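Visitor: the sequence isn't on hand, but the structure is:
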(Lines give C-alpha, C1' and ligand atoms only; values in the text may rest on other atoms or scores of the structure.)
Protein backbone atom coordinates (compact mmCIF):
# COMPACT_ATOMS: atom_id res chain seq x y z
CA UNK A 1 0.00 0.00 0.00
CA UNK A 2 1.35 3.45 -0.88
CA UNK A 3 2.12 6.00 1.84
CA UNK A 4 -0.86 8.10 0.72
CA UNK A 5 -3.23 5.13 0.76
CA UNK A 6 -1.92 4.05 4.16
CA UNK A 7 -2.53 7.53 5.59
CA UNK A 8 -6.03 7.69 4.11
CA UNK A 9 -6.93 4.28 5.55
CA UNK A 10 -6.73 5.83 9.03
CA UNK A 11 -9.80 7.98 8.29
CA UNK A 12 -12.43 7.68 11.01
CA UNK A 13 -15.46 7.75 8.70
CA UNK A 14 -16.27 7.11 5.06
CA UNK A 15 -17.13 10.78 4.64
CA UNK A 16 -13.75 11.83 6.01
CA UNK A 17 -12.08 9.39 3.61
CA UNK A 18 -13.95 10.87 0.62
CA UNK A 19 -13.25 14.46 1.72
CA UNK A 20 -9.53 13.79 2.11
CA UNK A 21 -9.30 12.07 -1.28
CA UNK A 22 -11.27 14.88 -2.95
CA UNK A 23 -8.85 17.43 -1.47
CA UNK A 24 -5.88 15.47 -2.86
CA UNK A 25 -7.15 14.76 -6.38
CA UNK A 26 -10.40 16.67 -6.99
CA UNK A 27 -10.33 16.43 -10.79
CA UNK A 28 -9.34 12.80 -11.10
CA UNK A 29 -12.20 10.48 -12.21
CA UNK A 30 -13.65 8.01 -9.74
CA UNK A 31 -16.80 6.61 -11.43
CA UNK A 32 -17.35 5.92 -15.13
CA UNK A 33 -20.66 4.76 -16.59
CA UNK A 34 -21.47 4.68 -20.30
CA UNK A 35 -20.57 8.24 -21.43
CA UNK A 36 -20.66 9.72 -17.93
CA UNK A 37 -17.74 10.59 -15.67
CA UNK A 38 -17.71 11.69 -12.04
CA UNK A 39 -14.56 13.03 -10.38
CA UNK A 40 -13.64 12.69 -6.70
CA UNK A 41 -14.41 16.38 -6.21
CA UNK A 42 -17.78 16.04 -7.95
CA UNK A 43 -18.64 13.00 -5.83
CA UNK A 44 -17.95 14.95 -2.62
CA UNK A 45 -19.70 18.14 -3.71
CA UNK A 46 -22.67 16.33 -5.26
CA UNK A 47 -23.09 14.11 -2.19
CA UNK A 48 -23.14 17.22 0.03
CA UNK A 49 -25.96 18.75 -2.01
CA UNK A 50 -27.92 15.48 -1.89
CA UNK A 51 -27.30 15.24 1.86
CA UNK A 52 -28.82 18.72 2.23
CA UNK A 53 -31.84 17.61 0.18
CA UNK A 54 -32.28 14.56 2.39
CA UNK A 55 -31.93 16.76 5.47
CA UNK A 56 -34.75 18.92 4.14
CA UNK A 57 -36.84 15.75 3.84
CA UNK A 58 -36.26 14.97 7.52
CA UNK A 59 -33.29 12.59 7.43
CA UNK A 60 -31.10 13.12 10.50
CA UNK A 61 -28.10 11.41 12.12
CA UNK A 62 -29.27 7.92 13.12
CA UNK A 63 -32.31 7.90 10.79
CA UNK A 64 -32.66 4.46 9.17
CA UNK A 65 -32.83 4.75 5.36
CA UNK A 66 -33.28 1.67 3.20
CA UNK A 67 -32.36 1.77 -0.48
CA UNK A 68 -32.88 -0.75 -3.24
CA UNK A 69 -31.04 0.67 -6.23
CA UNK A 70 -28.97 -0.64 -9.14
CA UNK A 71 -25.26 -0.02 -9.69
CA UNK A 72 -25.34 3.61 -10.83
CA UNK A 73 -23.54 6.88 -10.18
CA UNK A 74 -26.69 8.18 -8.47
CA UNK A 75 -26.55 5.27 -6.02
CA UNK A 76 -23.02 6.18 -5.01
CA UNK A 77 -24.04 9.83 -4.55
CA UNK A 78 -26.95 8.79 -2.35
CA UNK A 79 -24.92 6.46 -0.16
CA UNK A 80 -22.21 9.08 0.45
CA UNK A 81 -24.91 11.67 1.15
CA UNK A 82 -26.29 9.39 3.85
CA UNK A 83 -22.76 8.87 5.18
CA UNK A 84 -22.34 12.67 5.31
CA UNK A 85 -25.46 12.92 7.48
CA UNK A 86 -24.54 10.02 9.74
CA UNK A 87 -27.74 8.16 8.86
CA UNK A 88 -28.05 4.40 9.25
CA UNK A 89 -28.44 2.90 5.79
CA UNK A 90 -29.60 -0.56 4.85
CA UNK A 91 -28.87 -1.52 1.23
CA UNK A 92 -31.16 -4.12 -0.35
CA UNK A 93 -30.16 -6.08 -3.47
CA UNK A 94 -32.34 -4.76 -6.34
CA UNK A 95 -33.35 -8.27 -7.44
CA UNK A 96 -35.06 -9.02 -4.11
CA UNK A 97 -38.85 -9.04 -4.12
CA UNK A 98 -41.73 -8.75 -1.64
CA UNK A 99 -40.71 -11.38 0.88
CA UNK A 100 -37.08 -10.34 1.31
CA UNK A 101 -37.79 -6.61 1.05
CA UNK A 102 -40.65 -6.73 3.56
CA UNK A 103 -38.40 -8.58 5.99
CA UNK A 104 -35.58 -6.03 5.64
CA UNK A 105 -37.89 -3.04 6.03
CA UNK A 106 -39.62 -4.53 9.03
CA UNK A 107 -36.52 -5.70 10.89
CA UNK A 108 -34.50 -2.53 10.25
CA UNK A 109 -37.45 -0.24 11.10
CA UNK A 110 -36.59 1.86 8.04
CA UNK A 111 -38.10 5.36 8.07
CA UNK A 112 -37.31 6.09 4.40
CA UNK A 113 -37.03 3.85 1.35
CA UNK A 114 -35.27 4.85 -1.90
CA UNK A 115 -36.33 2.86 -4.97
CA UNK A 116 -35.58 3.05 -8.72
CA UNK A 117 -39.22 3.22 -9.83
CA UNK A 118 -39.78 0.75 -12.65
CA UNK A 119 -36.53 -1.07 -13.35
CA UNK A 120 -35.94 -4.03 -15.64
CA UNK A 121 -39.68 -4.56 -16.04
CA UNK A 122 -40.50 -4.53 -12.32
CA UNK A 123 -42.25 -1.69 -10.51
CA UNK A 124 -40.32 -1.16 -7.27
CA UNK A 125 -42.43 1.84 -6.27
CA UNK A 126 -45.61 -0.24 -6.48
CA UNK A 127 -43.98 -2.97 -4.39
CA UNK A 128 -42.89 -0.43 -1.76
CA UNK A 129 -46.45 0.90 -1.51
CA UNK A 130 -47.83 -2.63 -1.41
CA UNK A 131 -45.55 -3.38 1.55
CA UNK A 132 -46.54 -0.22 3.40
CA UNK A 133 -43.01 1.20 3.36
CA UNK A 134 -42.43 4.61 4.96
CA UNK A 135 -40.89 7.64 3.25
CA UNK A 136 -40.81 6.18 -0.28
CA UNK A 137 -38.87 8.23 -2.84
CA UNK A 138 -37.50 7.41 -6.29
CA UNK A 139 -33.75 7.83 -6.74
CA UNK A 140 -32.86 6.28 -10.10
CA UNK A 141 -31.82 9.36 -12.09
CA UNK A 142 -32.94 12.22 -9.84
CA UNK A 143 -31.89 12.90 -6.26
CA UNK A 144 -33.11 15.54 -3.82
CA UNK A 145 -30.73 18.48 -3.42
CA UNK A 146 -30.46 21.34 -0.96
CA UNK A 147 -28.14 23.97 0.49
CA UNK A 148 -25.24 22.29 2.39
CA UNK A 149 -24.74 25.05 5.02
CA UNK A 150 -28.06 24.12 6.68
CA UNK A 151 -26.67 20.74 7.78
CA UNK A 152 -24.91 19.89 11.04
CA UNK A 153 -21.22 18.96 11.00
CA UNK A 154 -20.28 15.56 9.53
CA UNK A 155 -20.11 12.63 11.96
CA UNK A 156 -16.72 12.14 13.58
CA UNK A 157 -17.31 8.70 15.12
CA UNK A 158 -16.56 5.83 12.79
CA UNK A 159 -17.32 3.08 15.31
CA UNK A 160 -21.09 3.55 15.58
CA UNK A 161 -23.32 1.16 13.63
CA UNK A 162 -24.35 2.97 10.44
CA UNK A 163 -24.88 0.05 8.06
CA UNK A 164 -27.27 -2.90 8.05
CA UNK A 165 -26.44 -5.44 5.35
CA UNK A 166 -28.38 -8.62 4.69
CA UNK A 167 -27.13 -12.16 4.31
CA UNK A 168 -28.49 -14.02 1.32
CA UNK A 169 -31.09 -15.95 3.30
CA UNK A 170 -30.90 -18.97 0.96
CA UNK A 171 -31.96 -21.46 3.64
CA UNK A 172 -33.83 -19.25 6.12
CA UNK A 173 -34.71 -15.62 6.74
CA UNK A 174 -31.77 -13.30 6.04
CA UNK A 175 -29.76 -11.88 8.94
CA UNK A 176 -29.27 -8.14 9.42
CA UNK A 177 -25.49 -7.64 9.70
CA UNK A 178 -24.33 -4.54 11.63
CA UNK A 179 -21.32 -2.64 10.26
CA UNK A 180 -19.54 0.59 11.10
CA UNK A 181 -17.66 2.95 8.80
CA UNK A 182 -14.43 1.70 10.29
CA UNK A 183 -15.23 -1.97 9.64
CA UNK A 184 -15.95 -1.17 5.99
CA UNK A 185 -12.78 0.92 5.66
CA UNK A 186 -10.78 -1.94 7.19
CA UNK A 187 -12.26 -4.40 4.69
CA UNK A 188 -11.51 -2.17 1.71
CA UNK A 189 -7.98 -1.54 2.99
CA UNK A 190 -7.34 -5.29 3.04
CA UNK A 191 -8.40 -5.57 -0.60
CA UNK A 192 -6.31 -2.56 -1.63
CA UNK A 193 -3.26 -3.77 0.26
CA UNK A 194 -3.31 -7.21 -1.35
CA UNK A 195 -3.87 -6.26 -4.99
CA UNK A 196 -0.95 -3.78 -5.34
CA UNK A 197 -3.00 -1.49 -7.57
CA UNK A 198 -1.77 1.74 -9.17
CA UNK A 199 -3.16 5.20 -9.85
CA UNK A 200 -3.29 4.41 -13.58
CA UNK A 201 -5.48 1.33 -13.08
CA UNK A 202 -9.13 1.24 -14.12
CA UNK A 203 -11.38 -1.03 -12.08
CA UNK A 204 -14.90 -2.30 -12.66
CA UNK A 205 -18.06 -2.91 -10.65
CA UNK A 206 -20.12 -5.60 -12.36
CA UNK A 207 -21.86 -6.62 -9.13
CA UNK A 208 -24.78 -4.98 -7.30
CA UNK A 209 -23.59 -1.86 -5.48
CA UNK A 210 -25.95 -2.85 -2.67
CA UNK A 211 -23.78 -5.91 -2.01
CA UNK A 212 -21.17 -5.69 0.76
CA UNK A 213 -18.61 -5.56 -2.06
CA UNK A 214 -19.91 -2.07 -2.96
CA UNK A 215 -18.25 -0.15 -0.11
CA UNK A 216 -15.36 -2.63 -0.11
CA UNK A 217 -14.48 -1.67 -3.68
CA UNK A 218 -15.28 2.03 -3.27
CA UNK A 219 -12.91 2.31 -0.31
CA UNK A 220 -10.18 0.90 -2.53
CA UNK A 221 -10.87 3.60 -5.16
CA UNK A 222 -10.66 6.32 -2.50
CA UNK A 223 -7.42 4.94 -1.08
CA UNK A 224 -5.62 4.67 -4.42
CA UNK A 225 -7.31 7.44 -6.39
CA UNK A 226 -8.21 5.50 -9.54
CA UNK A 227 -11.62 5.06 -11.25
CA UNK A 228 -13.97 2.15 -11.82
CA UNK A 229 -16.53 1.47 -14.52
CA UNK A 230 -20.04 0.82 -13.19
CA UNK A 231 -22.26 -1.72 -14.97
CA UNK A 232 -25.95 -1.33 -14.23
CA UNK A 233 -26.62 -4.62 -15.99
CA UNK A 234 -23.86 -7.17 -16.48
CA UNK A 235 -24.11 -9.73 -19.25
CA UNK A 236 -21.50 -11.02 -21.64
CA UNK A 237 -20.73 -10.41 -24.42
CA UNK A 238 -22.72 -7.13 -24.28
CA UNK A 239 -20.67 -5.67 -21.40
CA UNK A 240 -17.36 -6.21 -23.20
CA UNK A 241 -17.74 -2.94 -25.10
CA UNK A 242 -17.68 -1.02 -21.80
CA UNK A 243 -14.57 -2.82 -20.60
CA UNK A 244 -12.78 -2.10 -23.84
CA UNK A 245 -13.93 1.51 -24.21
CA UNK A 246 -12.74 2.52 -20.75
CA UNK A 247 -9.56 0.44 -20.82
CA UNK A 248 -10.38 -1.66 -17.75
CA UNK A 249 -7.24 -3.19 -16.22
CA UNK A 250 -8.83 -4.95 -13.24
CA UNK A 251 -12.04 -6.97 -13.53
CA UNK A 252 -13.72 -9.82 -11.72
CA UNK A 253 -16.41 -10.43 -9.15
CA UNK A 254 -16.54 -14.12 -8.28
CA UNK A 255 -15.72 -17.53 -9.74
CA UNK A 256 -18.77 -17.40 -12.01
CA UNK A 257 -17.47 -14.12 -13.49
CA UNK A 258 -14.07 -15.71 -14.19
CA UNK A 259 -15.83 -18.54 -16.01
CA UNK A 260 -17.90 -16.11 -18.09
CA UNK A 261 -14.79 -14.20 -19.17
CA UNK A 262 -13.09 -17.50 -19.99
CA UNK A 263 -16.04 -18.55 -22.14
CA UNK A 264 -15.73 -15.32 -24.14
CA UNK A 265 -11.97 -15.76 -24.46
CA UNK A 266 -12.45 -19.26 -25.84
CA UNK A 267 -14.48 -17.82 -28.71
CA UNK A 268 -11.33 -16.12 -30.01
CA UNK A 269 -8.24 -17.99 -28.77
CA UNK A 270 -5.00 -16.07 -29.03
CA UNK A 271 -6.68 -12.65 -29.06
CA UNK A 272 -7.22 -10.99 -25.69
CA UNK A 273 -10.92 -10.52 -25.05
CA UNK A 274 -10.15 -7.28 -23.12
CA UNK A 275 -6.83 -5.93 -24.44
CA UNK A 276 -6.13 -3.66 -21.44
CA UNK A 277 -6.91 -6.30 -18.79
CA UNK A 278 -4.04 -7.41 -16.57
CA UNK A 279 -5.80 -8.79 -13.47
CA UNK A 280 -8.94 -10.70 -12.53
CA UNK A 281 -9.77 -10.47 -8.84
CA UNK A 282 -12.71 -11.45 -6.71
CA UNK A 283 -14.14 -13.75 -4.09
CA UNK A 284 -17.49 -14.72 -2.67
CA UNK A 285 -17.46 -18.33 -3.88
CA UNK A 286 -15.01 -21.25 -4.01
CA UNK A 287 -12.44 -21.20 -6.81
CA UNK A 288 -11.27 -24.57 -8.19
CA UNK A 289 -7.51 -24.58 -8.96
CA UNK A 290 -8.22 -25.40 -12.61
CA UNK A 291 -10.07 -22.10 -13.03
CA UNK A 292 -6.95 -20.23 -11.91
CA UNK A 293 -4.72 -22.12 -14.32
CA UNK A 294 -7.18 -21.73 -17.21
CA UNK A 295 -7.42 -17.94 -16.71
CA UNK A 296 -3.65 -17.48 -16.61
CA UNK A 297 -3.06 -19.85 -19.52
CA UNK A 298 -5.85 -18.78 -21.86
CA UNK A 299 -6.49 -15.13 -20.98
CA UNK A 300 -2.88 -14.17 -20.31
CA UNK A 301 -3.74 -12.29 -17.10
CA UNK A 302 -3.14 -12.88 -13.41
CA UNK A 303 -5.96 -14.12 -11.15
CA UNK A 304 -6.13 -13.36 -7.43
CA UNK A 305 -8.95 -14.74 -5.35
CA UNK A 306 -10.00 -13.83 -1.83
CA UNK A 307 -12.28 -14.79 1.02
CA UNK A 308 -14.96 -12.57 2.47
CA UNK A 309 -18.55 -12.61 3.65
CA UNK A 310 -21.27 -10.14 4.54
CA UNK A 311 -20.09 -10.24 8.15
CA UNK A 312 -16.42 -9.60 7.19
CA UNK A 313 -16.15 -8.01 3.73
CA UNK A 314 -12.51 -8.97 3.24
CA UNK A 315 -10.70 -11.64 5.27
CA UNK A 316 -7.87 -12.83 3.06
CA UNK A 317 -6.78 -12.01 -0.49
CA UNK A 318 -4.31 -13.46 -2.93
CA UNK A 319 -1.53 -11.11 -4.05
CA UNK A 320 -0.48 -10.85 -7.72
CA UNK A 321 3.17 -11.54 -6.82
CA UNK A 322 2.38 -14.70 -4.86
CA UNK A 323 3.35 -18.15 -6.13
CA UNK A 324 1.14 -19.89 -8.68
CA UNK A 325 0.62 -22.74 -6.23
CA UNK A 326 -0.69 -20.44 -3.51
CA UNK A 327 -2.86 -18.46 -5.92
CA UNK A 328 -4.39 -21.66 -7.28
CA UNK A 329 -4.95 -23.56 -4.05
CA UNK A 330 -5.42 -20.98 -1.26
CA UNK A 331 -7.53 -17.91 -0.47
CA UNK A 332 -4.47 -15.76 0.18
CA UNK A 333 -3.22 -14.28 3.43
CA UNK A 334 -4.96 -12.03 5.95
CA UNK A 335 -3.86 -8.41 6.38
CA UNK A 336 -2.30 -7.10 9.54
CA UNK A 337 -4.98 -6.89 12.20
CA UNK A 338 -7.08 -9.84 11.00
CA UNK A 339 -6.76 -12.75 13.42
CA UNK A 340 -7.62 -16.23 12.16
CA UNK A 341 -8.14 -19.11 14.56
CA UNK A 342 -9.11 -22.63 13.49
CA UNK A 343 -11.14 -24.48 16.11
CA UNK A 344 -12.24 -28.04 15.39
CA UNK A 345 -11.61 -27.36 11.71
CA UNK A 346 -13.82 -24.22 11.71
CA UNK A 347 -12.34 -20.88 10.68
CA UNK A 348 -12.96 -18.13 13.25
CA UNK A 349 -12.14 -14.43 12.91
CA UNK A 350 -11.39 -11.37 15.01
CA UNK A 351 -10.38 -7.92 13.81
CA UNK A 352 -11.56 -4.42 12.88
CA UNK A 353 -13.23 -5.58 9.65
CA UNK A 354 -15.51 -7.99 11.54
CA UNK A 355 -19.10 -6.80 11.94
CA UNK A 356 -20.59 -5.76 15.28
CA UNK A 357 -23.04 -8.65 15.17
CA UNK A 358 -26.64 -8.94 14.02
CA UNK A 359 -29.89 -7.07 14.54
CA UNK A 360 -31.09 -10.07 16.54
CA UNK A 361 -29.06 -10.22 19.80
CA UNK A 362 -29.62 -13.97 20.03
CA UNK A 363 -27.95 -14.46 16.64
CA UNK A 364 -25.04 -12.30 17.80
CA UNK A 365 -24.55 -14.36 20.95
CA UNK A 366 -24.55 -17.58 18.92
CA UNK A 367 -22.15 -16.25 16.27
CA UNK A 368 -19.26 -15.20 18.54
CA UNK A 369 -17.24 -17.44 20.84
CA UNK A 370 -16.10 -16.58 24.35
CA UNK A 371 -12.95 -14.85 23.03
CA UNK A 372 -14.85 -12.61 20.62
CA UNK A 373 -14.04 -14.59 17.48
CA UNK A 374 -16.74 -14.85 14.81
CA UNK A 375 -17.71 -18.40 13.94
CA UNK A 376 -17.75 -18.46 10.13
CA UNK A 377 -19.13 -21.94 9.54
CA UNK A 378 -16.30 -22.47 7.03
CA UNK A 379 -13.82 -25.31 7.32
CA UNK A 380 -10.14 -24.80 6.61
CA UNK A 381 -6.57 -24.55 7.79
CA UNK A 382 -3.67 -22.11 7.69
CA UNK A 383 -0.46 -23.18 5.96
CA UNK A 384 3.05 -22.62 7.29
CA UNK A 385 3.33 -19.60 4.97
CA UNK A 386 0.23 -18.05 6.52
CA UNK A 387 -2.12 -18.76 3.60
CA UNK A 388 -5.68 -19.84 4.29
CA UNK A 389 -7.03 -22.98 2.65
CA UNK A 390 -10.80 -23.50 2.75
CA UNK A 391 -11.98 -27.08 2.55
CA UNK A 392 -15.75 -26.64 2.74
CA UNK A 393 -18.66 -25.56 4.90
CA UNK A 394 -19.72 -27.11 8.17
CA UNK A 395 -23.14 -27.56 6.58
CA UNK A 396 -21.60 -28.68 3.28
CA UNK A 397 -20.02 -31.82 4.64
CA UNK A 398 -21.68 -34.98 3.33
CA UNK A 399 -21.89 -37.79 5.89
CA UNK A 400 -22.02 -41.12 4.08
CA UNK A 401 -22.09 -44.25 6.26
CA UNK A 402 -20.61 -42.23 9.12
CA UNK A 403 -17.70 -40.88 7.03
CA UNK A 404 -17.32 -37.13 6.45
CA UNK A 405 -16.89 -36.17 2.78
CA UNK A 406 -15.91 -32.68 1.61
CA UNK A 407 -18.06 -31.52 -1.30
CA UNK A 408 -15.39 -28.98 -2.26
CA UNK A 409 -12.71 -31.66 -2.69
CA UNK A 410 -14.84 -33.46 -5.27
CA UNK A 411 -15.89 -30.19 -6.96
CA UNK A 412 -12.29 -29.06 -7.40
CA UNK A 413 -11.38 -32.33 -9.10
CA UNK A 414 -14.44 -32.44 -11.38
CA UNK A 415 -13.96 -28.79 -12.41
CA UNK A 416 -10.83 -29.84 -14.31
CA UNK A 417 -12.69 -32.46 -16.40
CA UNK A 418 -12.97 -31.33 -20.05
CA UNK A 419 -16.71 -32.12 -20.24
CA UNK A 420 -17.61 -30.14 -17.10
CA UNK A 421 -18.54 -26.48 -17.35
CA UNK A 422 -19.26 -26.09 -13.64
CA UNK A 423 -20.25 -28.44 -10.86
CA UNK A 424 -21.94 -28.56 -7.47
CA UNK A 425 -21.67 -31.62 -5.23
CA UNK A 426 -24.43 -32.13 -2.68
CA UNK A 427 -25.52 -34.71 -0.14
CA UNK A 428 -28.98 -36.21 -0.57
CA UNK A 429 -30.97 -38.18 2.02
CA UNK A 430 -30.50 -41.94 1.67
CA UNK A 431 -32.07 -44.63 3.85
CA UNK A 432 -29.09 -46.99 3.51
CA UNK A 433 -26.17 -44.57 3.63
CA UNK A 434 -27.52 -41.61 5.58
CA UNK A 435 -26.52 -39.41 2.65
CA UNK A 436 -25.44 -40.17 -0.88
CA UNK A 437 -23.07 -38.09 -2.98
CA UNK A 438 -24.69 -36.37 -5.95
CA UNK A 439 -22.75 -34.39 -8.56
CA UNK A 440 -24.77 -31.81 -10.48
CA UNK A 441 -22.81 -30.88 -13.60
CA UNK A 442 -23.36 -27.88 -15.83
CA UNK A 443 -22.83 -28.69 -19.49
CA UNK A 444 -19.69 -27.28 -21.06
CA UNK A 445 -20.42 -25.70 -24.46
CA UNK A 446 -19.22 -27.90 -27.28
CA UNK A 447 -18.67 -30.96 -25.11
CA UNK A 448 -20.83 -34.04 -24.89
CA UNK A 449 -22.67 -34.94 -21.69
CA UNK A 450 -20.41 -36.80 -19.24
CA UNK A 451 -21.51 -40.16 -17.85
CA UNK A 452 -21.33 -41.27 -14.26
CA UNK A 453 -18.92 -44.07 -15.20
CA UNK A 454 -16.61 -41.63 -16.98
CA UNK A 455 -16.56 -39.17 -14.10
CA UNK A 456 -16.00 -41.79 -11.40
CA UNK A 457 -13.21 -43.35 -13.47
CA UNK A 458 -11.65 -39.90 -13.78
CA UNK A 459 -11.93 -39.30 -10.04
CA UNK A 460 -10.38 -42.68 -9.29
CA UNK A 461 -7.47 -41.81 -11.58
CA UNK A 462 -7.05 -38.54 -9.68
CA UNK A 463 -6.69 -40.52 -6.47
CA UNK A 464 -10.06 -39.81 -4.84
CA UNK A 465 -10.97 -42.34 -2.18
CA UNK A 466 -13.60 -44.85 -3.27
CA UNK A 467 -16.04 -43.92 -0.48
CA UNK A 468 -16.16 -40.31 -1.80
CA UNK A 469 -17.15 -41.19 -5.38
CA UNK A 470 -20.49 -39.72 -6.54
CA UNK A 471 -23.37 -42.18 -6.60
CA UNK A 472 -25.69 -39.94 -8.60
CA UNK A 473 -25.11 -37.63 -11.55
CA UNK A 474 -27.40 -34.91 -12.85
CA UNK A 475 -26.49 -32.92 -15.97
CA UNK A 476 -28.09 -29.48 -16.34
CA UNK A 477 -27.90 -26.55 -18.75
CA UNK A 478 -27.29 -24.10 -15.92
CA UNK A 479 -26.84 -24.36 -12.17
CA UNK A 480 -29.20 -22.16 -10.11
CA UNK A 481 -27.39 -19.03 -8.89
CA UNK A 482 -28.16 -15.91 -6.92
CA UNK A 483 -28.18 -12.51 -8.61
CA UNK A 484 -25.31 -10.92 -6.68
CA UNK A 485 -22.02 -12.77 -7.07
CA UNK A 486 -23.63 -15.67 -8.96
CA UNK A 487 -23.16 -18.17 -6.15
CA UNK A 488 -24.62 -21.62 -6.77
CA UNK A 489 -27.77 -22.16 -4.69
CA UNK A 490 -27.22 -25.66 -3.42
CA UNK A 491 -30.42 -25.67 -1.38
CA UNK A 492 -32.40 -25.51 -4.63
CA UNK A 493 -30.51 -28.51 -5.95
CA UNK A 494 -31.19 -30.45 -2.74
CA UNK A 495 -34.90 -29.58 -2.95
CA UNK A 496 -35.02 -30.67 -6.58
CA UNK A 497 -33.20 -33.98 -6.28
CA UNK A 498 -33.82 -35.10 -2.69
CA UNK A 499 -36.95 -37.06 -3.66
CA UNK A 500 -35.52 -38.44 -6.86
CA UNK A 501 -33.72 -41.70 -7.30
CA UNK A 502 -33.19 -41.33 -11.01
CA UNK A 503 -31.34 -43.55 -13.41
CA UNK A 504 -28.36 -41.28 -12.74
CA UNK A 505 -28.02 -42.98 -9.36
CA UNK A 506 -25.90 -46.08 -8.98
CA UNK A 507 -27.73 -49.39 -9.02
CA UNK A 508 -25.92 -50.46 -5.87
CA UNK A 509 -25.31 -48.94 -2.46
CA UNK A 510 -21.56 -49.35 -2.93
CA UNK A 511 -19.44 -47.10 -5.13
CA UNK A 512 -18.14 -48.71 -8.25
CA UNK A 513 -21.30 -49.83 -9.97
CA UNK A 514 -22.18 -48.27 -13.27
CA UNK A 515 -24.63 -45.44 -13.65
CA UNK A 516 -26.16 -43.77 -16.65
CA UNK A 517 -27.22 -40.29 -17.62
CA UNK A 518 -30.69 -39.77 -19.00
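Guide: Yes, it's here. Worth saying up front: this structure is predicted, and the values here are computed from it rather than measured.
Visitor: so which helix or strand of the protein has the lowest pLDDT on average?
Guide: strand 403-406 (a mean of 79; mean pLDDT, DSSP states H and E).
Visitor: next SSE after that one?
Guide: Using DSSP states H and E, the next helix or strand after strand 403-406 towards the C-terminus is helix 407-414.
Visitor: and the nearest residue to residue 474 once chain neighbours are set aside, bridged to which residues?
Guide: Leaving out its chain neighbours, the residue that sits closest to residue 474 by CB to CB, 6 or more residues apart in numbering is residue 440, at 4.7 Å. For every residue, glycine as well, the C-beta is placed using N, CA and C. Judged by DSSP bridges, the bridge partners of residue 440 are residue 424, residue 474.
Visitor: got a list of what residue 440 touches?
Guide: For residue 440, the contact set (CB atoms under 8 Å, 6 or more residues apart in numbering) comprises 423-426, 474-476, 479, 493, 497.
Visitor: what do you get for residue 356?
Guide: Contacts of residue 356 by CB under 8 Å, 6+ apart are 161, 178-180, 183.
Visitor: try it again at 6 Å.
Guide: Going by CB atoms under 6 Å, 6 or more residues apart in numbering, residue 356 touches 161, 178.
Visitor: quick one: neighbours of the closest residue to residue 309 other than its chain neighbours, just the number.
Guide: Excluding its sequence neighbours, the residue lying closest to residue 309 (CB to CB, 6+ apart) is residue 376, at 6.8 Å. Residues near residue 376, counting by other CB atoms under 10 Å, number 21.
Visitor: make sure residue 376 is indeed in a helix.
Guide: No. Remark: residue 376 does not belong to a helix; assigned using DSSP: H, G, I helix; E, B strand; the rest coil, it is strand.
Visitor: ok, for residue 203, nearest residue in space, not its chain neighbours?
Guide: The shortest distance from residue 203 to any non-neighbouring residue, by CB to CB, 6+ apart, is to residue 228 (3.7 Å).
Visitor: any idea what that neighbour is bridged to?
Guide: Beta-bridge partners of residue 228, counted by DSSP bridges, are residue 31, residue 203.
Visitor: wait, it sits on residue 206?
Guide: No. Counting by CB atoms under 6 Å, residue 228 does not reach residue 206; the two are 9.8 Å apart.
Visitor: that older thread, residue 407: which of the contacts of residue 440 is nearest?
Guide: Checking the contacts of residue 440 against residue 407 with CB to CB, the nearest one is residue 425 at 4.1 Å.
Visitor: now the closest one. Nearest residue, chain neighbours left out?
Guide: residue 407 is the one closest to residue 425 (CB to CB, 6+ apart), at 4.1 Å.
Visitor: cool, residue 412 as well?
Guide: Among residues not flanking residue 412 along the chain, residue 288 sits closest, at 4.5 Å (CB to CB, 6+ apart).
Visitor: just the buried ones from the contacts of residue 440, in PyMOL syntax?
Guide: In PyMOL, selecting the buried portion of those, with burial taken from 16 or more other CB atoms under 10 Å, looks like this:
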select buried, resi 423+424+425+426+474+475+479+493+497
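Visitor: and of the contacts of residue 440, the nearest to residue 298?
Guide: When the contacts of residue 440 are compared against residue 298 (criterion: CB to CB), the nearest one is residue 423, at 19.2 Å.
Visitor: and the nearest residue to that closest one once chain neighbours are set aside, how many neighbours?
Guide: Residue nearest to residue 423 in three dimensions, not counting chain neighbours: residue 414, with 4.6 Å by CB to CB, 6+ apart. If you count neighbours by other CB under 10 Å, residue 414 ends up with 25.
Visitor: now do the contacts for residue 338.
Guide: If you count contacts by CB under 6 Å, 6+ apart, residue 338 has them with residue 351.
Visitor: contacting residues around the helix or strand harbouring residue 259?
Guide: Residue 259 belongs to helix 255-265 when assigned by DSSP H and E. With contact meaning CB under 6 Å, 6+ apart, helix 255-265 is reached by 236-237, 273, 280, 285, 287, 291, 294-295, 298-299, 486.
Visitor: which PyMOL command selects the buried ones in these?
Guide: This is the PyMOL syntax for the buried subset of those, where burial follows 16+ other CB under 10 Å:
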select buried, resi 273+280+285+287+291+294+295+299+486
